[in-house]
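Undergrad: Sequence first, then the predicted structure:
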Amino acid sequence: MKITDIKFGMLRVPLKTPFKTALRTVNMVEDIVVMVHTDSGNVGYGEAPATAVITGDTHGSIIDAIRHYISPRLIGQDIADLNHLTQLIQGAMEKNTSAKAAVEIAIYDLWGQLYGAPLYKLLGGGDPVITTDITISVDYIDKMVADSVEAVERGFESLKIKVGKDIGVDIDRVKAIYAAVEGRALLRLDANQGWTAKQAVYALQTLEDAGIKLELIEQPVKARDLAGMRYVTERVHTPVMADESVFGPMEVIELIRLRAADIINIKLMKTGGISNAVKIADIAAMYGVECMIGCMLESSISVAAAVHVAVAKSSVITKIDLDGPSLSQFNPVDGGVIFNESEISVTDAPGLGIREIRGLEEIEA
Ligand SMILES: C[C@H](N)C(=O)N[C@H](CCC(=O)O)C(=O)O
Ligand SMILES: [Mg+2]
């Protein structure tokens, strides 16, 4: 099965409610879909969001990176040579992790199709049902409480509460949500770099002293402030998770050696796809460090790939934040992984199992 062409589409799916973090507000999933064509007629699907504030990737840079740097290396290559292909993709250029991820996801989809097996089985197998949390956007306290109660009523047992806007209000936000859902849902906080190290310690110690048990705090301080991450990790009982601070395997090794976090958030759009995500999971397992697998604002194309990784690496990926499809108004994908609120299940269809993507807008070659 040889690669003959790489084509693009634009996928737009409105969100149920605006997604608000300390970094940005977004109203819709607006992602580049990558279709890798082969001489056998098989098509592999990948997807990349333009999360410029985190990865630096824009729609233009994703298309440009694939068109001018990645695609020329792949045309004519054989899907059976998976490791060679991932090296070609990762070595095509620096950074541009979302572009690399989209192409890698499509290549792994084809690899599964080649062998007639679902991706998770080729990655090592596992229980094909996992449970995700859902994100509660940062907002007025009453709105966040109402959103949290609604999420619990929809069956979510873990809520990812966005904070990082204003330290005093953040503490009140968490106290109010905790009071409303105590005993019915676990709370994970994500400050998206919005606090200083001292503010983070103050906020978390205040919450701990008030008897509020949090599952974890994600990325309390600026991405590059590893000393700050370590400062917080050393001073609070709540486990600290690194998100924007770590993209690839080398950064994960450095973070673990510095003891700058307790947990790693793996995202395909940061790692550049599946090959590095698997490496990170293996490195973390060697050090006895737990991982979450997360997503950006992605639809069920690239999130499906993350689900397959999560299933295959469930011994180390113990926390799931794959709520892109649950945040969206509809699922544009036929076939593939089944997203049913908090429960996500993988079918035995080959590769990612995607049959059709509805509403894809053409992007001219
Ligand atoms: C969607 C997911 N639950 C999430 O919260 N991801 C964010 C970044 C998403 C974005 O801004 O597109 C995170 O974990 O920081
Ligand atoms: Mg995060």
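TA: Thanks, I have the structure now. Ligands and ions are numbered 1, 2, ... in the order given.

Undergrad: contacting residues around the residue in the chain that ligand 2 sits nearest to?
TA: Per CB to the ion, residue 243 is where the chain lies closest to ligand 2, at 3.6 Å. (Each C-beta comes from the backbone N, C-alpha and C, glycine too.) Shown in contact with residue 243 (CB atoms under 8 Å, 6 or more residues apart in numbering): 190, 192, 218-219, 265, 267, 294.

Undergrad: Same list (those) but as a markdown table, adding distance to residue 149 and secondary structure.
TA: A markdown table is the format used below for those (distance: CB to CB, whole Å; DSSP: H, G, I helix; E, B strand; the rest coil):
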| residue | distance to residue 149 | secondary structure |
| --- | --- | --- |
| 190 | 19 | strand |
| 192 | 23 | coil |
| 218 | 22 | strand |
| 219 | 26 | coil |
| 265 | 26 | strand |
| 267 | 28 | strand |
| 294 | 23 | strand |
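
Undergrad: As TSV, the residues you listed with distance to ligand 1 and pLDDT would be great.
TA: TSV is the format used below for the contacts of residue 243 (distance: CB to the nearest ligand atom, whole Å; pLDDT from 0 to 100):
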residue	distance to ligand 1	pLDDT
190	5	99
192	5	98
218	6	99
219	7	99
265	6	99
267	7	99
294	5	98
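
Undergrad: So which of these would count as near ligand 2 as well?
TA: 190, 218 (CB under 5 Å from the ion).

Undergrad: From the contacts of residue 243, pick the one nearest residue 126.
TA: Closest approach to residue 126 among these (CB to CB): residue 294, at 18.3 Å.

Undergrad: Enumerate the residues of the protein near ligand 1.
TA: When proximity is defined as CB under 6 Å from any ligand atom, the chain approaches ligand 1 at 21, 23-24, 51, 135, 160, 190, 192, 243, 294-297, 321, 323-324.

Undergrad: Please list the members of those that lie in strands.
TA: Using DSSP state E, the subset of those located in strands is 135, 160, 190, 294, 321.

Undergrad: For the last one, which residues are in contact?
TA: What that stands for is residue 321. Counted by CB under 8 Å, 6+ apart, residue 321 has contacts 132-133, 135, 160, 188, 265, 292-295.

Undergrad: Can you go through the residues you listed and name the buried ones?
TA: Buried members of the contacts of residue 321, counted by 16 or more other CB atoms under 10 Å: 132-133, 135, 160, 188, 265, 292-295.

Undergrad: what's the closest of the residues you listed to residue 75?
TA: Nearest member of those to residue 75, counting by CB to CB, is residue 295, at 28.9 Å.

Undergrad: residues contacting the residue nearest to the closest one when sequence neighbours are not counted?
TA: Leaving aside its sequence neighbours, residue 295 sits nearest to residue 324 (CB to CB, 6 or more residues apart in numbering; 4.7 Å). Residues near residue 324 by CB under 8 Å, 6+ apart: 29, 295-300, 303.

Undergrad: Going by neighbour count, which residues in stretch 220-231 are buried?
TA: 220-223, 225-226, 228-231.

Undergrad: can you redo those residues as CSV with pLDDT, secondary structure and distance to residue 329?
TA: Listed next are those as CSV, based on pLDDT from 0 to 100; DSSP: H, G, I helix; E, B strand; the rest coil; distance: CB to CB, whole Å:
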residue, pLDDT, secondary structure, distance to residue 329
220, 98, coil, 31
221, 99, coil, 34
222, 98, coil, 33
223, 98, coil, 31
225, 98, coil, 36
226, 98, helix, 38
228, 98, helix, 37
229, 99, helix, 35
230, 98, helix, 41
231, 99, helix, 41
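
Undergrad: Among these, which pair sits farthest apart?
TA: Maximum pairwise distance among these (CB to CB): 14.9 Å, between 223 and 231.

Undergrad: So which bits of the stretch 151-300 of the chain are right by ligand 2?
TA: Listed as neighbours of ligand 2 in the stretch 151-300 of the chain under the rule CB under 5 Å from the ion: 190, 218, 243.

Undergrad: now those residues as TSV including distance to residue 8?
TA: As requested, those are arranged in TSV below (distance: CB to CB, whole Å):
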residue	distance to residue 8
190	31
218	32
243	28
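
Undergrad: As a check, name the ranges of all helices in the stretch 251-365 of the chain.
TA: Ranges of helices in the stretch 251-365 of the chain, per DSSP state H, counting those that start in this stretch, are 268-271, 274-287, 302-312, 324-327.
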